[in-house]
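**Q** With the sequence up front, the predicted model follows.
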Amino acid sequence: MRFLEALRSAFRIGDLRRRIFFTLWMFVVFRIGVYVPVPGVDSRAIADLVAEGTLFGLLDLFSGGALSAFSVFAMSITPYINASIIMQLLTVVIPRLEQLAKEGEEGRKKITQYTRYATVGLAMVQAFGMSVGLRHAVVNPTFFGLSLIALTLTAGTVFLMWLGEQITEKGIGNGISLIIFAGIVSRAPQGLATMWAYLTAGVLNIFNVAILISIGLAAIAAVILVQEGQRRVPVQYAKRVKGRRMYGGQTTHIPVRINSAGVIPVIFSTSVLAFPATIAQFIPHPWAQAVAGALGFRSALYVTLNVMLIVFFTYFYTAITFNPQNVANDLKKWGGFIPGLRPGRPTAEHLDRILYRITLIGAIFLAFVAAVMPTMVARISGVNIYFGGTALIIAVGVALETMKQIEVHLIMRHYQGFMR
């Protein structure tokens, strides 16, 4: 009842109501585009390839079924994610980009513009590679026909990038994450229908289904617990007397989250692994085919690399979003200190030590749920599930972040929020 009351309060606010409806309308546009086919391609051959259980299943999951239908959104938003990864890495390496990142809004706009250019370039490469690799399904496999398909796929990715930016600006939540979320959630009814078909056909039994439901509920609870868990570092502000008034003296805390990076490491990792494996599948060379086979999503190499990349991107993204030295300097500037520690360098080292340890827990959890758990569940239950951990983390994480943004809008207008 409290949730329904908060939902009604959200729709009473004009600006928030417009943002919610705008986001929903963008979802409708996205789902319509999933069913707009690319001209000159036999979509049934593509659907058969996806059904074989190759790495195309991940791209099809993120695209909400657009790849199996080979629509204009077949590549989904993957090139934009890869471009964002490259730009964030270059921001640390190239001083000019690092300076732009520190220049505030104008600098971020410039970096966003560079990311768009990189997205177009990566999308062109990936689209042309897909069109060449899938030329057996192309009606007219000439250079002109393949180029037309590549341009159509690139245009679809660029449109999705624009759609995500519009959701971020005029809607609720991060647009790119919400597009991936919409694609994942849209596959849920089909997954339930498939499970029901297996159950009625005798392939599955009630015991298998009960195991899957129990593991799913436990995983959702664990994801929420880790996503919301935090270490509260106590902070004391010194008392200052100005005139006849006394300022400061209160006690507060710095929230250090177990998983400060959210779902970004999982998206980054799966996108990085999907890109070379997908390109390798299209190259008719023994070495390329060996790479594609080695990076199959059930292979030991894929699971190992996925775990390593998730841990790396968790630490990398956390280091970008939370800088202990900057936090220590701000505390010193405003007269704050951690009890028992001197301001400045000792405080920064203490925060860095806490961040390193607590991030390790979040990174290991993300790696386990996204990379290890699907294989374990498949062996325990006897059901060959498709990237369940990755989809679960992304869906739950994006839902939590979106609810928090709605919560902020409600609290700013003196309404009771969702979380209370």
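**A** Perfect, I can see it now. Numbering: from 1, shown residues only.
**Q** what's the burial count for residue 80?
**A** As a burial measure, residue 80 scores 26 neighbours (other CB atoms under 10 Å). Just so you know, the C-beta spots here come from the backbone N, C-alpha and C atoms, and that holds for glycine as well.
**Q** which parts of the strand or helix carrying it are buried?
**A** Taking DSSP states H and E as the definition, one finds residue 80 inside helix 78-93. Taking 16 or more other CB atoms under 10 Å as the basis for neighbour counts, the residues of helix 78-93 that come out buried are 78-85, 87-88, 91.
**Q** Over to stretch 178-192?
**A** Of all the residues in stretch 178-192, those buried under the rule 16+ other CB under 10 Å are 178-187.
**Q** could the residues you listed be laid out in JSON lines, adding secondary structure, pLDDT and distance to residue 148?
**A** What follows is these, written out as JSON lines (DSSP: H, G, I helix; E, B strand; the rest coil; pLDDT from 0 to 100; distance: CB to CB, whole Å):
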{"residue": "178", "secondary structure": "helix", "pLDDT": "88", "distance to residue 148": "30"}
{"residue": "179", "secondary structure": "helix", "pLDDT": "88", "distance to residue 148": "25"}
{"residue": "180", "secondary structure": "helix", "pLDDT": "84", "distance to residue 148": "27"}
{"residue": "181", "secondary structure": "helix", "pLDDT": "85", "distance to residue 148": "31"}
{"residue": "182", "secondary structure": "helix", "pLDDT": "86", "distance to residue 148": "28"}
{"residue": "183", "secondary structure": "helix", "pLDDT": "83", "distance to residue 148": "25"}
{"residue": "184", "secondary structure": "helix", "pLDDT": "82", "distance to residue 148": "30"}
{"residue": "185", "secondary structure": "helix", "pLDDT": "83", "distance to residue 148": "32"}
{"residue": "186", "secondary structure": "helix", "pLDDT": "82", "distance to residue 148": "27"}
{"residue": "187", "secondary structure": "coil", "pLDDT": "78", "distance to residue 148": "29"}
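**Q** hmm, back to that, please identify which of the buried residues of helix 78-93 is nearest to residue 192.
**A** Using CB to CB, residue 78 is the member of the buried residues of helix 78-93 that lies nearest residue 192, at 25.7 Å.
**Q** I'd guessed that closest one sits against residue 125; true?
**A** No: counting by CB atoms under 8 Å, residue 125 is not a contact partner of residue 78; they are 11.9 Å apart.
**Q** domains for the protein, by residue range?
**A** Under automatic domain parsing, the residue ranges defining each domain of the chain are 14-186, 188-386.
**Q** ok so, going back, other SSEs contacting the helix holding residue 80?
**A** Based on contacts counted as 3 or more CB pairs under 8 Å, 6 or more residues apart in numbering; DSSP states H and E, the elements that helix 78-93 packs against are helix 95-101, helix 105-133, helix 143-170, helix 264-282, helix 300-321.
**Q** Lowest average pLDDT across the ones you listed?
**A** Mean pLDDT is lowest for helix 264-282 out of the helices and strands packed on helix 78-93, coming in at a mean of 73.
**Q** thinking again about what came up before, and the helices and strands packed on helix 78-93 as JSON lines, adding mean neighbour count and distance to residue 22?
**A** Compiled in JSON lines, the helices and strands packed on helix 78-93 are given as follows (neighbours: other CB atoms under 10 Å; distance: least, CB to CB, whole Å):
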{"stretch": "helix 95-101", "mean neighbour count": "14", "distance to residue 22": "29"}
{"stretch": "helix 105-133", "mean neighbour count": "17", "distance to residue 22": "20"}
{"stretch": "helix 143-170", "mean neighbour count": "18", "distance to residue 22": "5"}
{"stretch": "helix 264-282", "mean neighbour count": "22", "distance to residue 22": "23"}
{"stretch": "helix 300-321", "mean neighbour count": "18", "distance to residue 22": "27"}
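**Q** Residue 311: what's it in contact with?
**A** Contact partners of residue 311, counting by CB atoms under 8 Å, 6 or more residues apart in numbering, are 265, 363-364, 367.
**Q** Next, format those as a markdown table and append secondary structure and distance to residue 14.
**A** Converted to a markdown table, those look like this (DSSP: H, G, I helix; E, B strand; the rest coil; distance: CB to CB, whole Å):
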| residue | secondary structure | distance to residue 14 |
| --- | --- | --- |
| 265 | helix | 37 |
| 363 | helix | 41 |
| 364 | helix | 44 |
| 367 | helix | 43 |
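**Q** Please verify my assumption that residue 315 contacts residue 363.
**A** Yes: because the distance of 6.6 Å satisfies CB under 8 Å, residue 315 is recorded as touching residue 363.
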